[in-house]
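S.K.: Dropping a prediction and its sequence here:
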Amino acid sequence: MCGIVGYVGERDALPIILQSLKRIEYRGYDSAGVACITDNGIEVYKDKGKVDDVIEKINYSKSISSNSGIGHCRWATHGAPSKTNAHPHLDGEGEIAVVHNGIIENFQSLKEELLSLGCTFVSETDTEVIPHLINHCLKNSGNVEWQLKEAVKETLSRLTGSYAIIVAAKGFDGLVAARKESPLIIGVGDRENFIASDVPAVLEQTNRVIYLDEGDLAVVKNDSVYIENGGAKVTRAERLISWTIEDAEKGGYEHFMLKEIHEEPKAITDTLRGYLTEDEITLGIDLGIEGDTKGKSILMLACGTSYYAALCGKHIIENLAKVPVQLELASEFNYSDFVLDGANVVVMAITQSGETADTLMALKKAKRYGCKTVAITNVVGSSATRIADETIYTGAGPEIGVAATKSFVAQLVIFYLLGLQKSLAKLPEAAFLEHLEELRRMPQIARLVLDEANGNIQKHARYLSKYDHAFFVGRGVNLPIALEGALKLKEISYIHAEGYAAGELKHGPFALLTEDTPVVAILTRQTLGKFDQNASQNIYEKMLGNVKEIKARGAPVIAIAEEGDEEVEKYVDAVIRVPGTGTIFSPIPNTVALHLLAYWTAKERGCEIDKPRNLAKSVTVE
Ligand code: F6R
């Protein structure tokens, strides 16, 4: 997975391309490069490292006069990060430059064919076959634009796999772009146009955006955008993006992740805003299981953090709506003989980016089973929205930090709304209204954690940062939050952290517990008290029992507990206090606390928080 950008207009292309790349560096940051079309041909600058490293190496004293070019930031798939493997890649004559996001699955056989035709390859990448193939497909008739477009089309017809590409060629004053299973947008300007993998790349320049559709090929010049699909001209609507560039900037915080954790209250408010009126929830979609839900069920498919949100969603929907929910990792579902009754199962794909390859593939498979499909995503116009029958948008706004934070919380909000939606929920009116009131309190609850627990969490993060291993435990609706807390910690602080069901530790992991394995235990209990008191009380008691077992094995315990819970102090070494809520809503404050704990621990260890090693923001490869 990588980020690609292109510019064609009347201004200096190079600074615009570099600036755009910096905006989408979260997509890949092991190497970067640009290719500019000049009067003398194509000039390429690329290297291993981040965009800033590459900028430093570009010799600005040598002026580069160019009004069009392409750029790339890479997350290596084929070939290690290096100068030669960095994009753009050129054909043998250095007259065609290509940037690519995706994977060309048949590149090996194409490479052999091109080698036999006399081509020389300099990189280990799959991408390099593309410029060579384009060169071989060029015909000596028609104008340059037509020739290039047709050669790109012929080349694409030979490729299997996924791609978003931008092609620049010597002697052509435009760019050719195409997409298959990888995202691509066009930013529309005034006598200039932009191409990019993602909206933040162009936001500084324009808020007018065209989302290219699956199979689209576009010829973009400074004063025109021509799009065709399957050989026929098509029109794609222009959308106005309401995000501002400030939304996508750090706003005074040291890291995007910290900014985005602080935006969790707003993400909750903005997600509720679209769907919650005075006492009504309108998600505006047809789930196909409303009314009599007997025999009907939901299957959730997701990866990573979104999978943990879905696991929490299962608890929430089953608790509130009593509709059975199954859950599968998208990457496993794709290669399993899953037994699925298409007529009675609604499939929900949960994906912040809407571009995760495993999740998109799972969505397509679910459609083949005849299931109604719903995408729950944060990105308008993303691939998931185009595949699914219906879409529910989370309102988290742009998330730049690689670790998902506010988008996770926004996904939880959608599950509360789904669970409480009257057409599904079997709750008595009083319970419904009480839950609704509690849900409305969530932005304020999240803010209280940020305002009041933050200092204390920093202190505990200093302590946690000294260890190499940690466990996170919870039960019920808070087990997924323990899993999320562990994922976030390992992902950004590189501490080995395992999330576990508290009752499972005794079935093996107890063997690992020592005074050097701190355990973070989620010990919040319910305070609302009317609808599931027995169950929640029981869970709290069981958790206390588990904590005593952990302490007996010498492991230090940090509890996440509600304000006013004095009992818990007797059994643990440290307490992070969060405001009390109804049980089913406790994942919200607990998540905010654990996101902060991961952040401050990583900061204490001096890690590169927004760009953790080996990861990228949207995983568009299987
Ligand atoms: C972890 C994280 C990843 C993503 C996963 C799925 O912080 O962000 O685990 O959750 O790659 O991504 P989406 O939700 O975009 O499908």
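M.R.: In hand now; what should we look at?
S.K.: Render the CA-only coordinates of the helix or strand containing residue 21 in CSV, please.
M.R.: Using DSSP states H and E, residue 21 falls within helix 13-23. What follows is helix 13-23, C-alpha atoms only, in CSV (Å, rounded to 0.1, in the frame of the first residue of the first chain):
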residue,chain,number,x,y,z
ALA,A,13,4.7,21.1,-10.2
LEU,A,14,7.5,19.9,-7.9
PRO,A,15,6.6,21.7,-4.6
ILE,A,16,2.9,20.9,-5.1
ILE,A,17,3.6,17.2,-5.6
LEU,A,18,5.9,17.1,-2.5
GLN,A,19,3.4,18.9,-0.4
SER,A,20,0.6,16.5,-1.5
LEU,A,21,2.9,13.5,-0.7
LYS,A,22,3.5,14.8,2.8
ARG,A,23,-0.3,15.0,3.4
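S.K.: Can you name every helix or strand that that helix contacts?
M.R.: When contacts are defined as 3 or more CB pairs under 8 Å, 6 or more residues apart in numbering; DSSP states H and E, helix 13-23 packs onto strand 3-8, strand 31-38, helix 51-57, strand 68-74, strand 193-196. For the C-beta atoms, the positions are set from N, CA and C on the backbone; glycine is no exception.
S.K.: Quick one: the ones you listed as CSV, columns for distance to the ligand too.
M.R.: Converted to CSV, the helices and strands packed on helix 13-23 look like this (distance: least, CB to the nearest ligand atom, whole Å):
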stretch, distance to the ligand
strand 3-8, 15
strand 31-38, 21
helix 51-57, 21
strand 68-74, 18
strand 193-196, 17
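S.K.: Quick one, which of those gets closest to residue 542.
M.R.: Distance to residue 542, taken as CB to CB, is lowest for strand 3-8 among those, at 46.3 Å.
S.K.: Put the alpha carbons of the closest one into CSV.
M.R.: What follows is strand 3-8 as a C-alpha-only set of coordinates in CSV (Å, rounded to 0.1, in the frame of the first residue of the first chain):
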residue,chain,number,x,y,z
GLY,A,3,0.2,6.9,-1.7
ILE,A,4,0.2,8.3,-5.2
VAL,A,5,-0.3,11.9,-6.4
GLY,A,6,-0.2,13.8,-9.7
TYR,A,7,-0.4,17.5,-10.7
VAL,A,8,-1.0,19.2,-14.0
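S.K.: follow-up on the earlier one: for the helix holding residue 21, what is the average pLDDT?
M.R.: When pLDDT is averaged over helix 13-23, the result is 94.
S.K.: can you pull the buried residues of it?
M.R.: Residues of helix 13-23 classed as buried: 13, 14, 16, 17, 18, 19, 20, 21, 22, 23 (neighbour count, 16 or more other CB atoms under 10 Å).
S.K.: contacting residues around the second one?
M.R.: Put plainly, it is residue 14. Neighbour list for residue 14: 34, 36, 58, 64, 66, 69 [criterion: CB atoms under 8 Å, 6 or more residues apart in numbering].
S.K.: Of all these, the one with the weakest confidence?
M.R.: The minimum pLDDT among these falls on residue 58, with 75.
S.K.: do you know how far it is from the ligand?
M.R.: From residue 58 across to the ligand, the span is 31 Å (CB to the nearest ligand atom, to the nearest Å).
S.K.: Over to residue 160?
M.R.: Distance from residue 160 to the ligand, by CB to the nearest ligand atom: 23 Å.
S.K.: about what we covered before: output those of the buried residues of helix 13-23 also counted as contacts of the ligand.
M.R.: Near the ligand, judged by CB under 6 Å from any ligand atom, there are no entries from the buried residues of helix 13-23.
S.K.: between those, which is closest to the ligand?
M.R.: Nearest to the ligand among these, counting by CB to the nearest ligand atom, is residue 23 at 17.9 Å.
S.K.: so what's residue 398 up against?
M.R.: 199, 200, 243, 247, 248.
S.K.: Sorry, slip of the keys, the one I care about is residue 553.
M.R.: Contacts for residue 553 (CB under 8 Å, 6+ apart) come out as 510, 513, 514.
S.K.: Phi first, then psi, for the closest residue to residue 387 other than its chain neighbours.
M.R.: Closest residue to residue 387 apart from its sequence neighbours, by CB to CB, 6 or more residues apart in numbering: residue 363 at 4.8 Å. Backbone torsions for residue 363, taken as degrees, to the nearest 10, come to phi -60, psi -40.
S.K.: any idea which helix or strand carries the nearest residue to residue 272 once chain neighbours are set aside?
M.R.: Excluding its sequence neighbours, the residue lying closest to residue 272 (CB to CB, 6+ apart) is residue 413, at 6.2 Å. Per DSSP H and E: residue 413 is located in helix 406-420.
S.K.: Check which element follows that helix along the chain.
M.R.: helix 429-440.
S.K.: quick one, that following helix and helix 406-420 angle?
M.R.: 170 degrees (axes from the mean of the first three to the mean of the last three CA atoms, to 10 degrees).
S.K.: Now do the buried residues in helix 429-440.
M.R.: For helix 429-440, the neighbour count (16+ other CB under 10 Å) marks 431, 432, 434, 435, 436, 438, 439 as buried.
S.K.: Pull the number of nearby residues for the residue in the stretch 251-400 of the chain positioned nearest to the ligand.
M.R.: The nearest approach of the stretch 251-400 of the chain to the ligand comes at residue 304, 2.0 Å away (CB to the nearest ligand atom). Look at residue 304: counted by other CB atoms under 10 Å, it has 23 neighbours.
S.K.: Enumerate the residues of the stretch 501-622 of the chain near the ligand.
M.R.: Residues of the stretch 501-622 of the chain lying close to the ligand by CB under 6 Å from any ligand atom are 618, 619.
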